[in-house]
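*Asks:* Model the following, please.
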Amino acid sequence: MTNYKDHARSMLFVPGYQNKYFEKLSKLKADKIIIDLEDAVPNNIKDEARRSIREIYGSDKFKQDKERCYIRINKVGSSEFKKDIKLIEELRVNQIVVPKIISDGELEHISHIVKNEGG
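*Replies:* You can find the predicted model right below:
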């Protein structure tokens with residue numbers, strides 16, 4: 001029999017700059033919460049979004065929600081990709097969502113970076 005506790009029945013995407021949602025994470029009933037740094041965040045505020053994520057991810061209030069949260073990073077090769085990888089390494093994020101993979105090579109590249117650079 002399948003244990004449905006291990007499966008996500010619902011996922012909520014939250015733009016990485018929307019601090020008002022971060023305060024409510026523990027009240028949200030979604031199985032998984034995807035904190036989006038990619039297309040939900042306008043290019044001119046991506047650094048601000050990373051600062052917001054850094055603040056909430058390190059807070060005591062957020063500890064209970066880390067297990068069900070993922071961070072959606074920007075596309076491999078984009079100008080924001082390396083900044084996102086640096087953030088997930090710094091915060092020791094265990095779960096990421098990778099957008100718009102075009103080739104196996106891109107996925108292998110991300111896997112290599114995460115495995116070998118501390119992410």
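*Asks:* My read is that K46 contacts D36, right?
*Replies:* No - taking contacts as C-beta atoms under 8 Å, K46 lies outside contact range of D36: 10.7 Å. (C-beta placed from N, C-alpha, C; glycine too.)
*Asks:* higher neighbour count, those two?
*Replies:* D36 (23 against 20; other C-beta atoms under 10 Å).
*Asks:* Nearest spatial neighbour of that one, chain-adjacent residues omitted?
*Replies:* With sequence-adjacent residues excluded and distances taken as C-beta to C-beta, 6 or more residues apart in numbering, D36 is closest to R72, at 4.5 Å.
*Asks:* And what about the spatially most central residue of the chain, helix, strand or coil?
*Replies:* Residue closest to the average C-alpha location in the chain (C-alpha atoms, centre = their mean): I71, at 0.3 Å. With DSSP: H, G, I helix; E, B strand; the rest coil as the basis, I71 sits in strand.
*Asks:* who's in contact with it?
*Replies:* Taking C-beta atoms under 8 Å, 6 or more residues apart in numbering, we find I71 in contact with G16, I34, I35, L37, I53, D84, L87, I88, V93, Q95, I96, V97.
*Asks:* ok now do the residue nearest to D36, which residues does it touch?
*Replies:* F13, I34, I35, D36, L37, E38, A40, I96, V97, V98, P99.
*Asks:* Specify which member of those residues is nearest to E80.
*Replies:* The shortest approach to E80 among the contacts of R72 belongs to L37, at 7.2 Å (C-beta to C-beta).
*Asks:* separation between Y70 and S103?
*Replies:* From Y70 across to S103, the span is 22 Å (C-beta to C-beta, to the nearest Å).
*Asks:* Tell me which of these two has more neighbours.
*Replies:* Y70 (18 against 9).
*Asks:* Hmm, L37 and the more buried one touching each other?
*Replies:* No - counting by C-beta under 8 Å, L37 is not a contact partner of Y70; they are 10.8 Å apart.
*Asks:* ok so, going back, restricted to helices, list the contacts of I71.
*Replies:* I53, D84, L87, I88 (DSSP state H).
*Asks:* Next up, the contacts around the closest residue in space to the first one that isn't next to it in sequence.
*Replies:* By the measure of C-beta to C-beta, 6+ apart, the closest residue to I53 outside its immediate chain neighbours is G16, 5.4 Å from it. G16 makes contact with I35, D36, L37, A40, V41, K46, A49, R50, S52, I53, I71, according to C-beta under 8 Å, 6+ apart.
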